[in-house]
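Novice: Fold the following, please.
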Amino acid sequence: MSDDPTHSDPDKYKVAFENDRVRVLEYLDHPGDQTTEHAHPDSVMYTLSSFRRRLYGADGDSRDVEIEAGTTGWLPAQIHAGHNIGNSDTHVIFVELKQPGVASHRPGPLGPALA
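Specialist: Numbering: from 1, shown residues only. Sure thing, here's the model as predicted:
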């Protein structure tokens, strides 16, 4: 098993952005598609499409989820595999956290750093 979903399922997970603090993944699959077991660190998930999936945990448990497009939610660190059991594509953005951050008072640019 490769823990990194971009290695275990490179046809579905693409790195959209990465720096020393976060990695942003785009995930896209189609009805009937399945992923192999992989790991996610603590992440924020934003759904671009409505979908139905079955998630399989590393402990053997499974859970069906149905999520509407435009949903933003917290995804705690976990190991799982997934199966698109719905009639629509699953399209999701994951913002994976690499380490906790602390705000500082040192001078720096305000706003987003886009590069």
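
Novice: For residue 62, give the beta-bridge partners.
Specialist: residue 56 (DSSP bridges).

Novice: where does this structure dip in pLDDT?
Specialist: 1-2, 100-115 (pLDDT under 70).

Novice: Show me where it has its strands.
Specialist: For the chain, applying DSSP state E gives strands covering 13-18, 22-29, 38-40, 43-47, 51-57, 62-67, 72-75, 78-84, 90-97.

Novice: Compare these and give me the one nearest residue 4.
Specialist: Closest approach to residue 4 among the strands of the chain (CB to CB): strand 38-40, 6.7 Å. For glycine as for every other residue, the C-beta is placed from the backbone atoms N, C-alpha and C.

Novice: Could you pull out the buried residues of the closest one?
Specialist: Across strand 38-40, burial judged by 16 or more other CB atoms under 10 Å covers 38, 40.

Novice: So for the chain, the centremost residue is which one?
Specialist: Among the residues of the chain, the one closest to the centroid is residue 94, at 3.4 Å (CA atoms, centre = their mean).
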